[in-house]
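3D model of this:
(one chain, ligands or ions: 1)
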Amino acid sequence: MDKILYINSCVREESRTNKLAKYLLDKLNGNIEEVNLNKENIRPLNSSLLKKRDKLREINDYNDDLFKYAKKLKDADIVVISSPYWDLSFSSLLKIYFENVNIGGITFGYDEKGNIKSLCHIKKLYYVTTAGGYIQSDEYGFGYVKSMFNTFYNVDDISYIKAEGLDIYGNNIDNIMNFAKMDIEKLFK
Ligand SMILES: Cc1cc2nc3c(=O)[nH]c(=O)nc-3n(C[C@H](O)[C@H](O)[C@H](O)COP(=O)(O)O)c2cc1C
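All right, here's what the predicted structure looks like:
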């Protein structure tokens, strides 16, 4: 059974992005674990947190809760990330998650030539987003996440699911969501 890690960085209770991600998760086979960043006490790496983390890493003590996100990612076969399209990219909860999950010695290391080497075994990433308007460029949202997983975790198999124009007056929201669901279905044909 695959271990599926769902990183939910949706913020609104009625999040359409989360609904789309759940539609996708229903199609996947495996054990799903959800990390709902909205409900986690996840914090940006400030000076004291970074000091604490570095100290613990120096003595190879990975028992603190600081390392729990990295351990879960290390265990995952498939990762699903959802985020609303905010300010041309994604919600800041997701950036904070990356600060907390990418940890040298747990999720990645370096080879003898100094190149990044994944210490995870993720075989597939799905990225789900919805936008109020139209996504002008994928560079800062999906593109960033894609580069991250490609560079740190050697993941090439990446699917991008999006629904756009959801806040534009007069648009048929149900239709747009249904098209995005059909895109999901196509992935499993
Ligand atoms: C803080 C914030 C920033 C947003 N930034 C953008 C943006 O840059 N471009 C855009 O098209 N829509 C933007 N939106 C609209 C959201 O992308 C849109 O409502 C999206 O569907 C929200 O997803 P949700 O239903 O999962 O919450 C923004 C909304 C919020 C609340």
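
Show me which residues of the chain are close to the ligand?
Applying CB under 6 Å from any ligand atom, we find that the chain lies next to the ligand at 10, 12, 15-18, 84-88, 130-133, 166-167. Quick note: C-beta positions are derived from backbone N, CA and C, even for glycine.

For the residues you listed, which ChimeraX command selects only the ones that are buried?
Here is the ChimeraX command that selects the buried residues among these (16 or more other CB atoms under 10 Å):
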select :10,15,16,17,18,84,85,86,130,131,166
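
Narrow the residues of the chain next to the ligand to those in strands?
In this view, those that belong to strands under DSSP state E are Pro84, Thr130.

Helices - which of the residues of the chain next to the ligand land there?
Residues of the residues of the chain next to the ligand located in helices (DSSP state H): Arg16, Thr17, Asn18.

So what pairs up with the nearest residue to the second one once chain neighbours are set aside in the strands?
Going back to what we said before, that points to Thr17. Spatial nearest neighbour of Thr17, excluding adjacent residues (CB to CB, 6 or more residues apart in numbering): Thr130 at 4.5 Å. Taking DSSP bridges as the rule, Thr130 bridges to Pro84, Ala163.

Would you confirm that Thr130 contacts Glu14?
No - in this structure Thr130 lies outside contact range of Glu14 using CB atoms under 8 Å: 11.7 Å.

Tell me which residues touch Ala76, please.
Applying CB atoms under 8 Å, 6 or more residues apart in numbering, we find Ala76 in contact with Lys3, Ile4, Leu5, Cys120, Ile122.

Near the fourth one, how many other residues are there?
The one in question is Cys120. Neighbour count for Cys120, taken as other CB atoms under 10 Å: 21.

all strands for the chain, in order.
Using DSSP E, strands in the chain cover 3-8, 31-36, 78-84, 108-110, 116-118, 124-130, 158-163.

Could I get the buried residue list for the fourth one?
Put plainly, it is strand 108-110. Neighbour-count burial for strand 108-110 [16+ other CB under 10 Å]: Phe108.

Just give me the residue right at the centre of the chain.
Centrality entry for the chain: nearest residue to the mean C-alpha point is Ile81, 3.3 Å, by CA atoms, centre = their mean.

how close does the residue of the chain most remote from its centre sit to Ser92?
Most distant from the centre of the chain: Gly170, at 30.9 Å, with distances by CA atoms, centre = their mean. Gly170 sits 30 Å away from Ser92, going by CB to CB, to the nearest Å.

Then Gly105?
Distance from Gly105 to Ser92, by CB to CB: 26 Å.

Of the two, give the one with the bigger neighbour count.
Ser92 (15 against 12).

In contact with the more buried one, which residues?
Counting by CB under 8 Å, 6+ apart, Ser92 has contacts Trp86.

got it, and Lys117?
With CB under 8 Å, 6+ apart, Lys117 has these contacts: Phe108, Gly109, Tyr110, Asp111.
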